[in-house]
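1. 3D model of this:
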Amino acid sequence: MSSNPYTPPSSAFQANLRADYTRSLTRRMLAGEGAIELTAYRAGERLSSAVHGVSRSGQLVIADIPNLFHSLGTFHGADDIEVRADIVKDSADHTLGLRLASLHLLGKLRWCRNTTEVAALGLQGQLADLVHDVGPRVRVGVVSTERILLHDCSGVTAYGAAIVAEAATAVPSTDALNDAVLTTAAETLADVADAVLDDELPGWTERLDLPGATGLVTDPAHSVDVDQHCVTVARFTGDQAWVVQVPLPSPPHAVSAQDGVIAWHHLLDSLPTRRTLAPRP
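-> Modelled structure (predicted):
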């Protein structure tokens, strides 16, 4: 244990950390992280081959390449379609096999009728790349909705349609930070999680219900997610597990892609002296 005085974070701090993270996660999932499935629930048909994202004009957009398996289905007619959209995102460490979160919404899908409508959307990211690479065979559509639900380990969080427009704002890439966390030793990730669980570092924690297959997990901790301001770790001890979120130290200058990596290393350098890993009570 650290001998330095430390005041545990207040419940308000933890609530704000969690609220900021869930909003960030929702925006990232709308902007293209995760996989989308659309269900035309009145026709009983599903579309699982689409990619999605948010256009610069602030609309939830999907793009799909019709093929022989669904080219004649409801999804590729001319009419607007009432749909349910489900977006799922798994943990950053795919060896863990943990579902991080899912987004759900009811709305209406309207296909663009010509290239002029597509151009007016202001596509970006993987949507723009797909349309550029494949050309006119890609069908592009806009999904409108009034309410979005995020499901994650802490429950359900509801957002209004305005969060879709928020997701149109580009943020610095977290790829470098994700790589840095994924390549951190499992024992060190466990130290980070334990420091939060023991109130030696600020953060947020939640018990994780273990599915039966998780008994195969051998590492004490896994990277679950990263964003600009927070790293999320799954901590395992025996038959218990926690999801632990720890905020990154704020960079002293404008945020860039490398600032997250620097902040992560600063966080590791600030870890209190740890005890030998042992099962938690």
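2. number of nearby residues for residue 267?
-> 17 (other Cβ atoms under 10 Å). Backbone N, C-alpha and C define where each C-beta goes, glycine included.
3. Repeat that for residue 94.
-> For residue 94, the count of nearby residues is 10 (other Cβ under 10 Å).
4. Repeat that for residue 115.
-> 12.
5. I figured it was touching residue 136, is that so?
-> Yes - contact criterion Cβ atoms under 8 Å: residue 115 and residue 136 qualify, at 7.1 Å.
6. which of the residues in the longest helix along the chain are buried?
-> Criterion DSSP state H: the longest helix present in the chain is helix 11-30. For helix 11-30, the neighbour count (16 or more other Cβ atoms under 10 Å) marks 14, 17-18, 20-30 as buried.
7. Name the nearest of the residues you listed relative to residue 46.
-> Residue 46 has its nearest neighbour among these in residue 29, at 18.9 Å by Cβ to Cβ.
8. about what we covered before: what lines up beside whichever helix or strand comes after the longest helix of the chain in the sheet?
-> Downstream of helix 11-30, the first helix or strand assigned by DSSP states H and E is strand 35-40. Strand 35-40 sits in its sheet next to strand 45-47 (antiparallel), strand 81-90 (antiparallel), going by DSSP bridges.
9. Do a quick rundown of the strands in the chain.
-> For the chain, the strands defined by DSSP state E occupy 35-40, 45-47, 51-54, 60-64, 81-90, 99-111, 139-152, 155-160, 204-207, 221-226, 230-237, 240-247.
10. who wins for proximity to residue 127 among the ones you listed?
-> The closest of the strands of the chain to residue 127 is strand 51-54. By Cβ to Cβ, the value is 4.5 Å.
11. I'd like to check what contacts the closest one. Which residues are they?
-> Residues from elsewhere that reach strand 51-54 (Cβ atoms under 8 Å, 6 or more residues apart in numbering): 30-32, 36, 60-64, 85, 87, 123-127, 130, 164-165, 167-168.
12. Mean confidence (pLDDT) on it, please.
-> For strand 51-54, mean pLDDT is 96.
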